[in-house]
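Enquirer: predicted model and sequence below, questions to follow.
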Amino acid sequence: MASVKLVNVTKRYGNLEAIKKVNLDIKDGELMVLLGPTGAGKTTTLRSVAGLEHPEEGEIYIGDEKVNGLSPADRDVAFVFQNYSLYPRYTVFENMASPLKARGMDKDRIEKVVKRTADMLHIAHLLQRKPEHLSGGEMQRVALGRALVREPRVFLMDEPLTNLDAKLREEMRGELKRLKSDIGATFFYATPDQAEALSMADRIAVLKNGKIQQVDTPLNIYNHPSNMFIADFLGSPGMNFLPCKIEGRILNIGPGNFKLPLSAKSLKKVEDASPAEVVFGIRPEDIFISKERQTDWFPAQVDVVELMGSWNIVSLRLGENYIKTRADMDFEAASGDKVWIRLNEKRIHLFDKESERIIF
Amino acid sequence: MAKVVVKNLTKKFGNLVAVKDLNLTVKEGEFVVLLGPSGCGKTTTLRCIAGLEHPDEGEIYFDDTLVNDLSPSTRNIAFVFQFYALYPYLNVYDNIAFPLRAERIPEKEVRERVNSILKLLKIEDIKDKSPKKLTSGQAQRVALGRAIVRRPRVFLLDEPLSNLDAKFREEMRLELRRLQSHIGTTTIYVTHDQAEAVSLADRIVVMNLGVVQQIGTPREVYSYPRNLFVANFIGSPGMNLINCSYQSGKLVGENGSFSFPIDDETKTRIPSDLQGKRLVLGVRPEDFVFTSDKDPEGIGCEVYIVEPLGTENIVSLKIGESIVKVKTPPAFLPQVGEKLRIKIKKGKLRLFNRETEENIL
């Protein structure tokens, strides 16, 4: 187990800067998720830590040791990929034992370590099978097991659950999180899936176009996204944005759809940022919806209702604009129905339209 | 638009029975989703309806016409695999007009129909753009427009959203839903994604291993799954399923590891012959509530995993040897190892026969 530190790491492919001055501190025993869309630079970052890529600039430390010049084998890290490459002719046991054999560990010890790890991953009953007789989820667990038996200083995982079907992904997400807390290892985990990131991470680093956007705990990132990209990327559906004008102490949202007063604190933040134009933001779950008229609520029109199982996504029309809100499973409405909505004023956000940065 | 009737459809590939005795009536204008894991026979069913496969047994009717022997091109269907391949050298307008021009429809009508599609999809302002200049969301919409401009009698869609990333999938799902309420073409849609099925369908056909498991509205299959497969497949996470037996008014876990008291109202609905039978208790993650130590209906549990998701949390709890997943509001974030008590919401308990896997209650 060890900490990982990236200092001003830049990696170029020809003219393309895949990652730009990435700074990141992963604590010993922490599960850090690197979250971002395809092409953000997640894999490049992970491969740089593994020693599979050589950054042009910056330093990488594992523990206190600078590893820039070290070969992958000397870094003592385990890399688990999206495509789990198992040896097809080996049994599950042999697959998992192979890194230990290579290290010259004695037979009894190998057997002990493999069995213990297989128990932890619920694959003990599969040890004598060959990979061709395993399901995708089982293969993924074996690949994970092979990484675990090595007890490396750091686990690097590049979208390990992406190829699994939704059910299994959900299940493995929880299992991995539990595993991590049981063995207390350091994980650096890349994924494009925001739900995976929120549910598993101790902290999330959001990456876009090779640049770190924000590093914080899942709840802080969700509740206080530092810019509009993050506000939209996290959440399902993401944050709603509406055009907005500031008129004295009043937010005119829409404009013309509704008006909200600004608190003294919020007003101060707006004055400090002094944006030319602003965008209003609110999460779907912070909009309350009612089919009956309520005093002080704003009228809106139902566009589409999408059942999600235990809840609904309700898309609403507000004049020219559309917003999404969440409603209970029992909520039923037809396109065009009139409804009333209220915003949770404690959870509204304002962004600078130009820089897309958060104001509050 | 047409009604589609499938009667006793069976399709084999060699020894493998891909679809077994499937019966389905899709009403005119209805949106039906065939849902199931890979290999369940959903795509084979769709391809039989399209005329791309020939059933070994059974009949397929469009309205009252038997179409078994009609070629795909004479069935007047639109079969869509995925939404994104646009012709790169044609602009948005010409991309959408392409299928109409291929059918030699007069240019005046082409213009009217393309314009109405552009308006419906809110892409009028990009009609002169080249596909290369579009955002992926816009490109999806154009592709959707091109697929629907032909006004086929039946729309057959085979996992059209599966290659999109999560954000666009959500957006396109919404567009499809909106579109359906405007144009109302009979649609049969294949997916393995239960969220897509639940949000899009008027009715869902849940399939597994070539056999229909249940046909119903999204709310029916969600709230009243007919068997264990449907209960677990639908929902995210699926229904919690715990082995148990019924003993003197209580549901008792394997080796007595837990004992769930049942409220009086539910007791009256439990069939009398359940005593001692091997059962499975089913409870949706949102149908557990946390309760106090004094509540006689509550049982003890220990927090095993906590997964925050922003809008809600999924908390895995250990009850005896079983693990159940419970949804909690964002502010309720217990610690791993914490001891809590839960009970089942009134009317939300489901029971299944462990042998037949069929729903009992």
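Expert: Yes, it's here.

Enquirer: assumed B:L118 was part of a helix.
Expert: Yes - per DSSP: H, G, I helix; E, B strand; the rest coil, B:L118 lies within a helix segment.

Enquirer: give the full set of residues in contact with it.
Expert: Taking CB atoms under 8 Å, 6 or more residues apart in numbering or on different chains, we find B:L118 in contact with B:V92, B:Y93, B:I96, B:E124, B:K127, B:G145. From N, CA and C alone the C-beta is placed, and that goes for glycine too.

Enquirer: next: B:P131.
Expert: If a contact means CB under 8 Å, 6+ apart, then B:P131 has B:L86, B:Y87, B:P88, B:L90, B:N91, B:V92, B:N95, B:A139, B:V142 as its contacts.

Enquirer: the last one contacts B:L134, correct?
Expert: Yes - with contacts defined as CB atoms under 8 Å, B:V142 counts as touching B:L134 at a distance of 6.8 Å.

Enquirer: overlap in contacts, these two.
Expert: Joint contacts of B:V142 and B:L134 (CB under 8 Å, 6+ apart) are B:V92, B:I126.

Enquirer: for chain A, give me its nearest residue in the stretch 101-250 of chain B.
Expert: B:S199 (3.9 Å; CB to the nearest CB).

Enquirer: next, A:E196: secondary structure please.
Expert: In three-state terms, and counting by three-state DSSP, A:E196 is helix.

Enquirer: you'd agree it is up against A:R169?
Expert: Yes - counting by CB under 8 Å, A:E196 touches A:R169, with 7.5 Å between them.

Enquirer: these two: who's more crowded?
Expert: A:E196 (25 against 18; other CB atoms under 10 Å in any protein chain shown).

Enquirer: need the contact list for that one.
Expert: Contacts of A:E196 (CB under 8 Å, 6+ apart): A:V33, A:L161, A:R169, A:R173.

Enquirer: circling back: can you put the contacts of B:L118 in a markdown table and add neighbour count and pLDDT?
Expert: Listed next are those as a markdown table, based on neighbours: other CB atoms under 10 Å in any protein chain shown; pLDDT from 0 to 100:
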| residue | neighbour count | pLDDT |
| --- | --- | --- |
| B:V92 | 27 | 96 |
| B:Y93 | 22 | 96 |
| B:I96 | 28 | 94 |
| B:E124 | 13 | 91 |
| B:K127 | 16 | 94 |
| B:G145 | 24 | 87 |
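
Enquirer: least confident pick among the contacts of B:P131?
Expert: Note: of the contacts of B:P131, the lowest pLDDT belongs to B:A139, at 83.

Enquirer: check whether the helix or strand hosting that residue comes near chain A.
Expert: Taking DSSP states H and E as the criterion, B:A139 maps to helix B:136-148. No - for helix B:136-148, no contact with chain A is found by CB under 8 Å from any CB of the partner chain; the gap never falls below 10.5 Å.

Enquirer: contacts only, for the nearest residue to B:E28 once chain neighbours are set aside.
Expert: Nearest non-adjacent residue to B:E28, counting by CB to CB, 6 or more residues apart in numbering or on different chains: B:K3, 4.8 Å away. Contact analysis of B:K3 by CB under 8 Å, 6+ apart lists B:T25, B:V26, B:K27, B:E28, B:Y61, B:F62, B:D63, B:T186.

Enquirer: swap in B:Y61?
Expert: For B:Y61, the contact set (CB under 8 Å, 6+ apart) comprises B:K3, B:V4, B:V5, B:V6, B:K7, B:V67.

Enquirer: which of these are buried?
Expert: When the contacts of B:Y61 are checked for burial by 16 or more other CB atoms under 10 Å in any protein chain shown, the buried set is B:K3, B:V4, B:V5, B:V6, B:K7, B:V67.

Enquirer: can you put those in TSV and add secondary structure and pLDDT?
Expert: Listed next are the buried ones among the contacts of B:Y61 as TSV, based on DSSP: H, G, I helix; E, B strand; the rest coil; pLDDT from 0 to 100:
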residue	secondary structure	pLDDT
B:K3	coil	95
B:V4	strand	97
B:V5	strand	97
B:V6	strand	98
B:K7	strand	97
B:V67	coil	95
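
Enquirer: how about residue 346, phi and psi?
Expert: I went with chain A, as the question did not name one. Main-chain torsions, A:K346, degrees, to the nearest 10: phi -70, psi -20.

Enquirer: the chain in question should be chain B.
Expert: With angles defined as degrees, to the nearest 10, B:K346 sits at phi -60, psi 130.

Enquirer: show the pLDDT at the residue of the stretch 51-200 of chain A found nearest chain B.
Expert: The nearest approach of the stretch 51-200 of chain A to chain B comes at A:S199, 3.5 Å away (CB to the nearest CB). In this model, A:S199 is scored at 95, pLDDT.

Enquirer: wait, it touches B:P308, no?
Expert: Yes - using CB under 8 Å, A:S199 is in contact with B:P308, at 6.3 Å.

Enquirer: okay, and the common contacts of those two?
Expert: Contacts common to A:S199 and B:P308, judged by CB under 8 Å, 6+ apart, are A:P218.

Enquirer: for the helix or strand just after the helix holding B:A139, what is the distance to the chain centroid?
Expert: Next helix or strand after helix B:136-148 toward the C-terminus (DSSP H and E): strand B:154-158. Centre-to-centre, strand B:154-158 and its host chain are 15 Å apart (CA atoms, centre = their mean, to the nearest Å).

Enquirer: what of stretch B:108-119?
Expert: With CA atoms, centre = their mean as the basis, stretch B:108-119 stands 32 Å off its chain's centre.

Enquirer: what is the rounded mean pLDDT of it?
Expert: Stretch B:108-119 shows an average pLDDT of 93 in the prediction.

Enquirer: just the buried positions in that stretch, please.
Expert: Residues of stretch B:108-119 classed as buried: B:V110, B:R113, B:V114, B:I117, B:L118 (neighbour count, 16+ other CB under 10 Å).

Enquirer: quick check: the nearest residue to the fourth one once chain neighbours are set aside vs B:K122, distance?
Expert: Distances taken as CB to CB, 6+ apart put B:G145 closest to B:I117, at 4.5 Å, once the chain neighbours are dropped. Using CB to CB, to the nearest Å, we find B:G145 at a distance of 10 Å from B:K122.

Enquirer: got the residues of the stretch 51-200 of chain A near chain B?
Expert: So the stretch 51-200 of chain A meets chain B at A:165-167, A:170-171, A:173-174, A:177-178, A:181, A:192-195, A:198-200 (CB under 8 Å from any CB).

Enquirer: what sits closest to residue 63 if chain neighbours are left out?
Expert: Picked chain A for this. A:A2 (3.8 Å).

Enquirer: my question was about chain B, not that one.
Expert: Nearest residue to B:D63, sequence neighbours excluded (CB to CB, 6+ apart): B:A2, at 4.9 Å.

Enquirer: what sits against the residue of the stretch 51-200 of chain A closest to chain B?
Expert: Residues in contact with A:S199 (CB under 8 Å, 6+ apart) are A:R173, A:G174, A:K177, A:P218, B:E307, B:P308, B:L309, B:I314.

Enquirer: go ahead and confirm the fourth one touches A:A195.
Expert: No - with contact taken as CB under 8 Å, A:P218 and A:A195 are classed as non-touching, separated by 10.3 Å.

Enquirer: now the closest residue to chain A within the stretch 1-150 of chain B: how far from B:Y189?
Expert: Nearest to chain A in the stretch 1-150 of chain B, going by CB to the nearest CB, is B:P37, at a distance of 6.9 Å. To B:Y189, B:P37 is 16 Å away according to CB to CB.

Enquirer: thanks again, I'm all set now.
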